[in-house]
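1. Sequence and predicted structure are below.
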Amino acid sequence: MKARVQPPCSNLDYMSVAVWSKTQWERIRRFRLSAEAYRKVTVVALALIAIIVVTGAAVRLTGSGLGCEDWPNCSSGEFVGFETPNQTIEQVNRLFTGLVSVAVIAAVLGSLRRRPYRRDLVWWSAGLVAGVIGQIVLGGITVLVDLHPAAVGAHFLLSMLLVSDATILVWKASHEAGPTRPRVSPANLNLSRVAVATAALLMVTGPIVTGSGPHAGDQKSPRFDLLIPDVARVHSLNMWLFLIISVILLLRLGRAKTPSDILRRGYFLLIVILIQGGIGYTQYELGIPAWLVLAHIAGATLLVGTVLWFHLGLSSVMATDSTATEAPTSLIPGQSEESLSPT
């Protein structure tokens, strides 16, 4: 029996594909995200960014920083490697970076499809993409310079900037757009700014302590030529200054009959500061065990998000007739003004 020969594709087949492609493009072009749906996208992005800060710290604390001695390949002979525990830990962290990349890209694309359209959300979400790209490049440089503590510290600082950006994005996505007005006195608002700046300084002094200690990422990695007791004392004084400023601010806010939501966020911030300080002193007294260092880094990530969330809550959006900005018609080629209106 002769095999049946399939006839060549007809013009009708090509037309069907063309119609299907056009239909799918129309669906994509008309896709919209509600404000609440987009807020959830930003929350996921923030959560993943916070998680990768901790997993990245686990790489360093387990001595797996050079588990993959090359970049972007794991080694000169293979792109992916799971031959040793250290290699596996480093490789999983690199692969998780891809998941974070997907989340931040979704945040950017979602900001473009969100209705009502808001330009500020586009810019803040674009900052996440820039930060992740910077992290990938800086991560490669860190490996290539054999985990020099300056590179490791810069990696951490960029992570904190990413957490800050993501926190601000979630806050803005959770509130209406428009000019803001203070909910507290100018003096208290300025004191809050000082608290934020002091917290930012903590994120600088902390990596200096780590870069001078035993957990720089690999036993053979260089360290800062500094005495741990000295740099730890500076970091501790920085933490005490942050705590004192925060307590003074909360006392002032309490006497000024501040709205309860601000006070709740302030009390939560105070709890985070106390726990973080307690972990710091405990790890120093116990000889800096790796698991407590990991908890301290997780606490630092939470601290950055908490202090920013508190500070952002000291202002509110002024009521306006229209707080959203219409999307530019040039956003999608061929898109009409009518299609940009909320559906």
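-> Thanks, I have the structure now. From a predicted model like this one, the values you see are computed outputs, not experimental measurements.
2. Any regions of the protein where pLDDT drops low?
-> 1-29, 63-86, 215-221, 319-343 (pLDDT under 70).
3. Show me the domain layout of it.
-> 33-177, 179-319 (automatic domain parsing).
4. First-to-last residue distance for the first one?
-> For domain 33-177, the first and last residues are 16 Å from each other (Cα to Cα, to the nearest Å).
5. Same list (the domains of the chain) but as JSON lines, adding mean neighbour count.
-> Glycine gets a C-beta too; all of them are placed from N, C-alpha and C. Below are the domains of the chain laid out as JSON lines (neighbours: other Cβ atoms under 10 Å):
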{"stretch": "domain 33-177", "mean neighbour count": "19"}
{"stretch": "domain 179-319", "mean neighbour count": "17"}
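6. which helices and strands does the helix or strand where residue 136 lies pack with?
-> Assigned by DSSP states H and E, residue 136 belongs to helix 119-144. For helix 119-144, the elements it packs on are helix 35-61, helix 85-113, helix 149-173, judged by 3 or more Cβ pairs under 8 Å, 6 or more residues apart in numbering; DSSP states H and E.
7. The second one versus helix 35-61: what angle between them?
-> I take that to be helix 85-113. 160 degrees (axes from the mean of the first three to the mean of the last three Cα atoms, to 10 degrees).
8. Next, work out how far apart residue 37 and residue 188 are.
-> Using Cβ to Cβ, to the nearest Å, we find residue 37 at a distance of 35 Å from residue 188.
9. Could you do residue 172 as well?
-> If you go by Cβ to Cβ, the gap between residue 172 and residue 188 works out to 22 Å.
10. same question, residue 131
-> Distance, residue 131 to residue 188, by Cβ to Cβ: 30 Å.
11. Could you grab the helix/strand/coil label for residue 181?
-> Look at residue 181: counting by DSSP: H, G, I helix; E, B strand; the rest coil, its state is strand.
12. ugh, wrong one, I meant residue 147
-> When classified by three-state DSSP, residue 147 comes out as coil.
13. what's it sitting at in phi/psi?
-> The phi and psi values for residue 147, taken as degrees, to the nearest 10, are phi 60, psi 40.
14. Show residues contacting stretch 249-264.
-> If you take Cβ atoms under 8 Å, 6 or more residues apart in numbering as the criterion, stretch 249-264 is touched by 183-185, 187-188, 191-192, 195, 266-267, 270, 310, 313-314.
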